[in-house]
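K.L.:
predicted model and sequence follow; I will ask about them next.
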Amino acid sequence: MKKFLAAALSAVMVFAVLIASSSCSSGGETVSQSEASDTAESADTAPAVTEDARYMSDLPESYDLGGFELSVLNRKPISTTLNTFYVAEQNGEPINDAIYVRNSSVCEKYNFSIKETAADDNAVSAGISKMVLAGDTSYYLAIDTQPALVPIVFSGVLYNIFDLPHIDTEKLYWNQDTADMLSLKGKLYYLFGDIMLSDEDVTMVTMYNTSLAGDLGIDENMYELTRSGGWTFAKMLSLIKLAGADLDGDSAFTVNDRWGLFYADNSAAAPYFGAAEIAFVRNNKAGIPEFSFDRERAETVFSTFREIFNTDGYGYNWGLIKENTANVISSMISNKQILLQNVILSYARRNLRDVTCAFGFLPMPKFDEKQKNYSSIMNYVAGVTMFVPASNPETEKTGFALEALCAGSSDITDAYINTCLASKYTRDTESFEMIKLTMENICIDLAYVYNWGGFSNQLTKSIMDPSAEFTSLVASYETKVAEEIAKSMDKLA
């Protein structure tokens, strides 16, 4: 759980003031930051206030890092999510300026600087691996997408974050839930936290077209239903069935018709199993990943969404839209042709600004009302994370700097929620409460992170296949998954 939860509450209070000129952006290429700024424009709302000590750093108020330079290798700005860690100057945009002020104030307080180098796609993780193996110490921190990072996790080139001095993953400004889920044999090789916005930005939510719902005679308040715990797979299916319609009467369901649910083929499975709190591979008590899960529950999820994905008017794979995809979807929502769409917040931030009808956000639905919490996943492909090269000769100073920066990041989270989400990308105050519910329980499935045995890729394909059988699928991959997990664990010291 992160400071997002407290900030989301303040967002509800400031929603009434729409700031039409605000926008979100990531910074461009930059190289160094050593001087602290004086005062700077703050985001339009005050930072969240909490008494919980887990939000407060245990670092000393007075500490001198002696002019240490934190050298960072980051990807160039990524179109699908926010990977901004450093910006050179203020430009009036809330997130940019909040990052600048955070870096400047923390650097001045502890006497260190940040030097960032921006690399091309696929150059960060591979470059770090080569650097460490060559004994090079050029970079102390790296930032990359999970798919690019995963191939080097078991190669011995990454530092165990749990061993990094001063880092306290129990603090709520770090994403402690994902730290626990991503650890392997008691070691953690990358992490998420308030220090960057990438994990919030790629968390899955449900767009709900309230205008279309009204036309369909759905008068139930979905926010009240969600609060009461009644937003479930069964409820989603009942809404989907109401929405489907062959609008052009040609008996062929296409983008010219009306659909209950839009989904992406590259994430056809993970969001729904995650919503049901199912992880196919998770750590056992010894910290070893195991292919172990509730098979009956998983089979129910599989069969439910296989039906949705293969029934006319129920579920449409927007991957079939090959040109101007975002514009087509935005127009379809405005034209009230889509009732529900499962998206990451980044998608909403980037692509739903021009939708003309009323819509809101809900969490991913629960498996059933017996499930205690709503649950969601971070998109494994779009997620951006940070890691420390094993060759880092300054782990003491690196750990201190990262802990201080993360602890000082509340205004960045506020800028993202209060300004970018509250002012531009959602249409009602209740959506913030729904996003808060989404963030309270994040599910990480190591099966998707590492794709051991190719199981998760095949699961994604199979759930869209009307003839696929879950039991036989699992049986055909079970041994292979276990063998590949064992090989991976053998590579960890």
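P.N.:
Looks like it arrived, so ask away. Numbers count the residues shown, from 1 in each chain.
K.L.:
domains for this protein, by residue range?
P.N.:
Per automatic domain parsing, the domain ranges recorded for the chain read 14-201+380-427, 204-374+451-491.
K.L.:
now those domains as CSV including distance to residue 433, mean neighbour count and mean pLDDT?
P.N.:
Heads up, the C-betas are built off the backbone N, CA and C, glycines and all. Shown next, in CSV, are the domains of the chain (distance: least, Cβ to Cβ, whole Å; neighbours: other Cβ atoms under 10 Å; pLDDT from 0 to 100):
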stretch, distance to residue 433, mean neighbour count, mean pLDDT
domain 14-201+380-427, 11, 19, 84
domain 204-374+451-491, 7, 18, 96
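K.L.:
could I get those domains as TSV with distance to residue 440?
P.N.:
Listed next are these as TSV, based on distance: least, Cβ to Cβ, whole Å:
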stretch	distance to residue 440
domain 14-201+380-427	9
domain 204-374+451-491	7
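K.L.:
any idea which of the ones you listed gets closest to residue 435?
P.N.:
Ranking the domains of the chain by distance to residue 435, with Cβ to Cβ as the measure, places domain 204-374+451-491 first at 5.9 Å.
K.L.:
from the chain's centroid, how far away is the closest one?
P.N.:
Counting by Cα atoms, centre = their mean, to the nearest Å, domain 204-374+451-491 is centred 16 Å from the centre of its parent chain.
K.L.:
what of stretch 437-448?
P.N.:
Relative to the centre of its chain, stretch 437-448 is centred 9 Å away, using Cα atoms, centre = their mean.
K.L.:
do the same with stretch 429-444
P.N.:
The answer for stretch 429-444 is 12 Å, by Cα atoms, centre = their mean.
K.L.:
mean confidence for that stretch?
P.N.:
Mean pLDDT, computed over stretch 429-444, is 86.
K.L.:
show me what contacts the residue lying closest to residue 166 once chain neighbours are set aside?
P.N.:
Using Cβ to Cβ, 6 or more residues apart in numbering and skipping residues adjacent in sequence, the residue nearest residue 166 is residue 399, 4.1 Å away. Listed by Cβ atoms under 8 Å, 6 or more residues apart in numbering, the contact set of residue 399 reads 164-167.
K.L.:
just put those residues in a markdown table and tack on distance to residue 391 and secondary structure.
P.N.:
Converted to a markdown table, the contacts of residue 399 look like this (distance: Cβ to Cβ, whole Å; DSSP: H, G, I helix; E, B strand; the rest coil):
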| residue | distance to residue 391 | secondary structure |
| --- | --- | --- |
| 164 | 14 | coil |
| 165 | 16 | coil |
| 166 | 19 | coil |
| 167 | 18 | coil |
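K.L.:
helices of the stretch 101-250 of the chain, start to end?
P.N.:
Listed in chain order, the helices found in the stretch 101-250 of the chain under DSSP state H, counting those that start in this stretch are 124-133, 146-149, 176-182, 198-201, 210-215, 222-227, 233-243.
K.L.:
who does the longest one touch, helix- and strand-wise?
P.N.:
Looking back up the chat, that one is helix 233-243. Applying 3 or more Cβ pairs under 8 Å, 6 or more residues apart in numbering; DSSP states H and E, one finds that helix 233-243 contacts strand 259-263, helix 295-309, strand 338-344.
K.L.:
so which of the ones you listed gets nearest residue 316?
P.N.:
Comparison of the helices and strands packed on helix 233-243 against residue 316 by Cβ to Cβ identifies strand 259-263 as nearest, at 4.5 Å.
K.L.:
what's that closest one in contact with?
P.N.:
236, 239-244, 253, 271, 308-309, 313-318, 329, 332, 337-342.
K.L.:
so it versus helix 295-309, what angle?
P.N.:
Relative orientation of strand 259-263 versus helix 295-309 (axes from the mean of the first three to the mean of the last three Cα atoms, to 10 degrees): 120 degrees.
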